[in-house]
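Chemist: here is a sequence with its predicted model. Questions after.
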Amino acid sequence: MTNILIFIWQLPQNMLGLILFGLFRHDARTADYRGIRVMRSPKMKGGISLGYYVIVSRHASETTVLHEWGHTRQSLMLGWLYFLIIGIPSFGWATSRTLFPALKKRNYYSFYTEKWADRLAGIKRKQKLKRNDDRKIGT
């Protein structure tokens, strides 16, 4: 019963996560990680967390997966408010860095959504880290 309530608490994220899992499933690997489903896909650049579901690039580092797990903790806390407080601002931050290259001078993880996900995941980054270029794990 508890799992059903948690799924419903995160329903918008979980539904979009299920849809994306279906779209990204070709040539992807899926595994359980700390109570969530993580898909490694060659079609994904970066990562996205949607409730119980995380999709990262095939060669994502362990730290990237852990960071995305931090976003799943945000989703558990915020429920239906996740998209408003985390999802949309995080997507906007990532997109704006592509559209406005001057923003790349700022540490990606300094934005509140990313900093909070790191803190929830127990990740401590160096101030000047601009990319998630830490050690890679096998896929």
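Modeler: Yes, it's here.
Chemist: where does the protein dip in pLDDT?
Modeler: 127-139 (pLDDT under 70).
Chemist: name the next helix or strand downstream of the lengthiest helix in the chain, please.
Modeler: In the chain, taking DSSP state H as the definition, the longest helix is helix 62-78. As assigned by DSSP states H and E, the chain's next helix or strand after helix 62-78 is helix 82.
Chemist: which residues are contacting stretch 19-39?
Modeler: Residues outside stretch 19-39 that contact it (C-beta atoms under 8 Å, 6 or more residues apart in numbering): 40-44, 48, 50, 52-56, 58, 65, 68-69, 72, 139. The C-beta positions use only the backbone N, C-alpha and C, and glycine is treated the same way.
Chemist: in strands, which of these fall?
Modeler: Per DSSP state E, strands hold the following members of the contacts of stretch 19-39: 40-41, 48, 50, 53-56.
Chemist: if we only consider these, which is nearest to residue 97?
Modeler: residue 48 (15.3 Å; C-beta to C-beta).
Chemist: partners of the closest one in the sheet?
Modeler: Residue 48 has these beta-bridge partners by DSSP bridges: residue 55.
Chemist: was I right about it contacting residue 60?
Modeler: No - counting by C-beta atoms under 8 Å, residue 48 sits too far from residue 60 to count as a contact (11.1 Å).
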